[in-house]
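Student: need the 3D shape of this:
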Amino acid sequence: VQLVESGGGLVQPGGSLRLACAASGFTFSSYLMSWNRQAPGKERELVASISSGGVRTNYADSVKGRFTISRDNAKNTVYLQMDSLKPEDTAVYYCNAARSRNLYTMAYDYRGQGTQVTVSS
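Tutor: As a prediction, the model looks like this:
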């Protein structure tokens, strides 16, 4: 099983990044997918989640209207489009797969290695 994140980097405030997470080794279309993040000295935070079929989504209040989660089950990939980025979005972003229907869950069956997102001028 692998979850491989990509797309992180350094961006100025107000800028955009698109994270991608490529999955392999399990039945991707049967899993709820989510993005969590963890900043130094802070607890892990659920950023966004999407149901297995891609119909239902959930966002943290801190990112609503700025971030968009989507998935392509044909490509076994989940995305996180991040717009209007703020310095407080700086964190390591992790892709997670959960055999669950609970969009608010922090639990996961599989987790990626993480990708660093830094928002700074």
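Student: check contacts around the residue nearest to Gly9 when sequence neighbours are not counted.
Tutor: Computed as C-beta to C-beta, 6 or more residues apart in numbering, the closest residue to Gly9 that is not its neighbour in sequence is Leu17, at 6.5 Å. Any C-beta I mention is one placed from the backbone N, CA and C, and that applies to glycine too. Residues near Leu17 by C-beta atoms under 8 Å, 6 or more residues apart in numbering: Gly7, Gly8, Gly9, Val11, Met82, Leu85, Val117.
Student: quick one: Leu17 and Asp109, what's the gap?
Tutor: Going from Leu17 to Asp109 by C-beta to C-beta, to the nearest Å gives 26 Å.
Student: go on, Asp61?
Tutor: Look at Asp61 and Asp109: by C-beta to C-beta, they are 26 Å apart.
Student: more neighbours: which of those two?
Tutor: Of the pair Asp61 and Asp109, Asp109 is the one with more neighbours under other C-beta atoms under 10 Å, namely 13 against 6.
Student: list phi and psi for that one.
Tutor: phi -90, psi -30 (degrees, to the nearest 10).
Student: try Phe28
Tutor: According to degrees, to the nearest 10, Phe28 has phi -50, psi -40.
Student: and if you look at Asp89?
Tutor: Here Asp89 shows phi and psi, under degrees, to the nearest 10, equal to phi -80, psi -10.
Student: what's the nearest residue to it if we skip its chain neighbours?
Tutor: Nearest to Asp89 is Val119, by C-beta to C-beta, 6+ apart, at 5.1 Å.
Student: the one you found and Tyr59, how far apart?
Tutor: 18 Å.
Student: for Asn36, same thing?
Tutor: 12 Å.
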